[in-house]
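In: what's the 3D shape of this:
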Amino acid sequence: MLRNRSLLLILGIAVLLRVAVALYLGDATPPTKDETSYSLLAARLAGGYGYSFADAWYPFTPANTPTAHWSFLYTAFVATIYAIVGVHPLAVRLVQAVLTGLLMPWLIWRLARRWQPAHVALIAAALAAVYAYFVLYGAQVQTEGFFLLAVLWSLERSLTLQDKLSTQRRKAATGRSEQEAAKTALSSAYLCTSAPPRQDSLFVIALTLGLSLGVATLLRQSILPWVVVLFMWLLGMNSLALKRVSARTLLVLLIAGLVLFATILPFTLRNYHAYGDFLLLNSNAGYAMYSAQHPLHATSFEAYTAAPLPADLTPLPANEAQWDRALMARGIQFVLADPGRYLLLSASRAADYFEFWPKDSSSLLFNVGRMASFTLLLPFMLYGIGVVSRRSDRRVAWRFLLLFVTFYSLLHIFTWAMPRYRLPVDAVLLLFAAAALADLATHTLPAHN
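Out: This next block holds a predicted model:
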């Protein structure tokens, strides 16, 4: 009961902080930022003009033509609010602040409870509630806040699926009852004190895993390479345990994959109708690859330097689907033409990705936010990895989470890196920071008695 009240208090603090930032940011969006792009696009969608801009827009969208460059799902969310209350970014900020304030600490808590004790999960939830970068981006008119929620949900579902498959394997191997097998699994999972979140059926887990991945993809399609790695990890863990891949695991992943496919398919069909050409989802991957590897960066990446569109394409792309393919090909060509420069450029992106120091190019608000989040907790994140790695229990869970941290980081370092693209990694590392703080408390508190 005390822990339930503590979690409710944490959720309340998270909402209040995000609402305060939303009020501070106000009822306008900064020019030349993604917030303005989403606000204008959503206003057009709410006004019945579809996904289009009234004027020519970054990077290659003519006026009054269909665009697929921006998240369809998030634009629809903003447009729904605009249709109800008018074009007021503050209304979007407030709704988003409440939703992310409630769901972010709760999802962190659920994910932590899959492999950590209750008190560590509460520490992780508290850290998520006050983590300054999460507070700032939770109140902004862009995808970061909801994308974080979808990623955390998918990671929690993945660990739940792995636990369920492991429990059923033990049950089949020993002939024990499902209750006895689950009890043994939990007792070896370093889950002391209160009970962890309930176990769902395999079918429900498969559906929700697919849905979580689908929502994440509709918010930011850059998650798709990780989906491939995730499915390979689940298959690999199954084959290591059984010396083969079970039909049950294949069926679960098939269901999850079909749900993910079903979330994307309507927008693929929309794109074909709009362009008469295939475009899986968004048209931003090609430009990101092209601009981020462009020779204008030389060997030092500048995240806010947009490369001009190439003028030597023959024929010139006629729509966004063609632009996406042509720019992706040109970006790959940059890499193959000078691999050494590409590696040095990627090395420079590592500094942009893990940036924890104040910068003159950042506003005071974001400099303070950076210092009061990643900079402050980075030592505890690293110490927490050491703490958890020394334990013999739940190796599957923490190694899986570190796999996500590693792969997702390298994905952006080798393509396009900014501190805000690191936020899902920050969220996972908060679990390790919580373990570090709990460990330090056990070593320091007795000294005061």
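In: which secondary element of the protein has the worst mean pLDDT?
Out: Comparing helices and strands within the chain by mean pLDDT, DSSP states H and E singles out helix 178-187 as the least confident, with a mean of 47.
In: tell me the pLDDT of Cys145.
Out: To be clear, residue 145 is Gly; Cys isn't right here. The confidence metric pLDDT takes the value 96 at Gly145.
In: check contacts around it.
Out: Taking CB atoms under 8 Å, 6 or more residues apart in numbering, we find Gly145 in contact with Gln96, Leu99, Thr100, Met104, Phe134, Tyr137, Gly138, Ala139. Every residue, glycine included, has its C-beta placed from N, CA and C.
In: would it count as being in a strand?
Out: No - Gly145: not assigned to a strand; according to DSSP: H, G, I helix; E, B strand; the rest coil it is helix.
In: helix, strand, or coil at Leu111?
Out: For Leu111, the assignment made with three-state DSSP gives helix.
In: just the contacts of Gly145: which are in helices?
Out: The members of the contacts of Gly145 that map onto helices under DSSP state H are Gln96, Leu99, Thr100, Met104, Phe134, Tyr137, Gly138.
In: isn't the fourth one right up against Gly138?
Out: Yes - Met104 is in contact with Gly138 according to CB atoms under 8 Å; the separation is 6.9 Å.
In: which of those two has more neighbours?
Out: Gly138 (29 against 26; other CB atoms under 10 Å).
In: my guess is that one contacts Val98, does it?
Out: No - assessed by CB under 8 Å, Gly138 is found out of contact with Val98, at 9.4 Å.
In: give the intersection of the neighbour lists for those two.
Out: The contact lists of Gly138 and Val98 share Arg18, where a contact means CB under 8 Å, 6+ apart.
In: from the contacts of Gly145, which is closest to Gln333?
Out: Tyr137 (33.9 Å; CB to CB).
In: skipping adjacent residues, who's closest to Val85 in space?
Out: Ala91 (4.8 Å; CB to CB, 6 or more residues apart in numbering).
In: so what's that neighbour up against?
Out: So Ala91 contacts Ile81, Tyr82, Val85 (CB under 8 Å, 6+ apart).
In: quick check: closest non-adjacent residue to Ala256.
Out: Counting by CB to CB, 6+ apart, the residue nearest Ala256 is Gly210, at 3.7 Å.
In: these two touch, right, the one you found and Leu254?
Out: No - using CB under 8 Å, Gly210 makes no contact with Leu254, being 9.6 Å away.
In: so for these two, which sits in the more crowded spot?
Out: Comparing Gly210 with Leu254 by other CB under 10 Å, the one with more neighbours is Gly210, at 25 against 12.
In: list the contacts for the more buried one?
Out: By CB under 8 Å, 6+ apart, the neighbours of Gly210 are Ile255, Ala256, Gly257, Leu258, Val259, Leu260, Ala262, Thr263.
In: please, which helix or strand holds it?
Out: helix 202-219 (DSSP states H and E).
In: now the angle from the next helix or strand after that helix to helix 202-219?
Out: Following helix 202-219 in sequence order, the next helix or strand is helix 224-242 (DSSP H and E). Interaxial angle of helix 224-242 relative to helix 202-219 (axes from the mean of the first three to the mean of the last three CA atoms, to 10 degrees): 160 degrees.
In: hmm, back to that, so which of the contacts of Ala91 comes closest to Leu127?
Out: Ile81 (29.2 Å).
In: how close does the closest one get to Gly384?
Out: 38 Å (CB to CB, to the nearest Å).
In: the two: who's more crowded?
Out: Gly384 (26 against 21).
In: check the contact between the more buried one and Val405; I expect there is one.
Out: No - Gly384 lies out of contact with Val405 (CB under 8 Å); the separation is 11.9 Å.
In: so what does the closest residue in space to Tyr131 that isn't next to it in sequence have for phi and psi?
Out: What sits nearest to Tyr131 in space, not counting adjacent residues and going by CB to CB, 6+ apart, is Ser373, at 4.9 Å. With angles defined as degrees, to the nearest 10, Ser373 sits at phi -130, psi -90.
In: against Leu127, how distant is Ser373?
Out: Applying CB to CB to Ser373 and Leu127 gives a distance of 9 Å.
In: could you do Leu16 as well?
Out: Taken as CB to CB, the span from Leu16 to Leu127 is 16 Å.
In: one more: Ala118?
Out: From Ala118 to Leu127 the distance is 15 Å (CB to CB).
In: who's more crowded, these two?
Out: Between Ala118 and Leu127, counting by other CB under 10 Å, Leu127 is the more crowded of the two (24 against 19).
In: can you tell me which helix or strand the closest residue to the more buried one other than its chain neighbours belongs to?
Out: Spatially, and ignoring its direct neighbours in sequence, Leu127 is nearest to Leu430 (4.8 Å; CB to CB, 6+ apart). Assessed by DSSP H and E, Leu430 sits inside helix 423-444.
In: for this structure, give me the ranges with low pLDDT.
Out: For the chain, applying pLDDT under 70 flags the ranges 1-2, 168-199, 241-244, 392-394, 445-449.
In: and the next helix or strand past the helix or strand containing Phe261?
Out: Using DSSP H and E, the secondary-structure element containing Phe261 is helix 247-275. Using DSSP H and E, the next helix or strand after helix 247-275 towards the C-terminus is helix 285-292.
In: contacts for that next one?
Out: 59-60, 69, 221-222, 301, 306-307, 310, 323-332, 334, 349, 415-416.
In: 6 Å instead, please
Out: Pro59, Ala306, Ala307, Asp324, Leu327, Met328, Arg330, Gly331, Thr415, Trp416 (CB atoms under 6 Å, 6 or more residues apart in numbering).
In: how about stretch 262-277?
Out: Outside stretch 262-277, the residues that reach it (CB under 6 Å, 6+ apart) are Pro66, Ala68, Phe72, Gly214, Leu279, Leu280, Leu281, Asn319, Ala321.
In: same check, this time on stretch 342-357
Out: Looking at what lies outside stretch 342-357 - CB under 6 Å, 6+ apart - the contacts are 297, 299-301, 303, 335, 374-375, 412-414, 417, 419, 422.
In: tell me which two in these are the farthest apart.
Out: Farthest pair in the contacts of stretch 342-357, by CB to CB: Val335 and Thr375, 32.0 Å.
In: show me how far stretch 420-427 is from its chain's centre.
Out: Computed by CA atoms, centre = their mean, to the nearest Å, the chain-centroid distance of stretch 420-427 equals 7 Å.
In: okay, it in PDB with CA atoms only?
Out: Provided in PDB are the C-alpha atoms of stretch 420-427 (Å, rounded to 0.1, in the frame of the first residue of the first chain):
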ATOM      1  CA  ARG A 420      17.300  14.300 -28.300                       C
ATOM      2  CA  TYR A 421      17.700  11.100 -30.300                       C
ATOM      3  CA  ARG A 422      19.400   9.600 -27.300                       C
ATOM      4  CA  LEU A 423      16.300   9.900 -25.000                       C
ATOM      5  CA  PRO A 424      15.200   6.300 -25.300                       C
ATOM      6  CA  VAL A 425      18.700   5.300 -24.200                       C
ATOM      7  CA  ASP A 426      18.500   7.700 -21.300                       C
ATOM      8  CA  ALA A 427      15.200   6.100 -20.200                       C
END
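In: kind regards, and thank you for your time.
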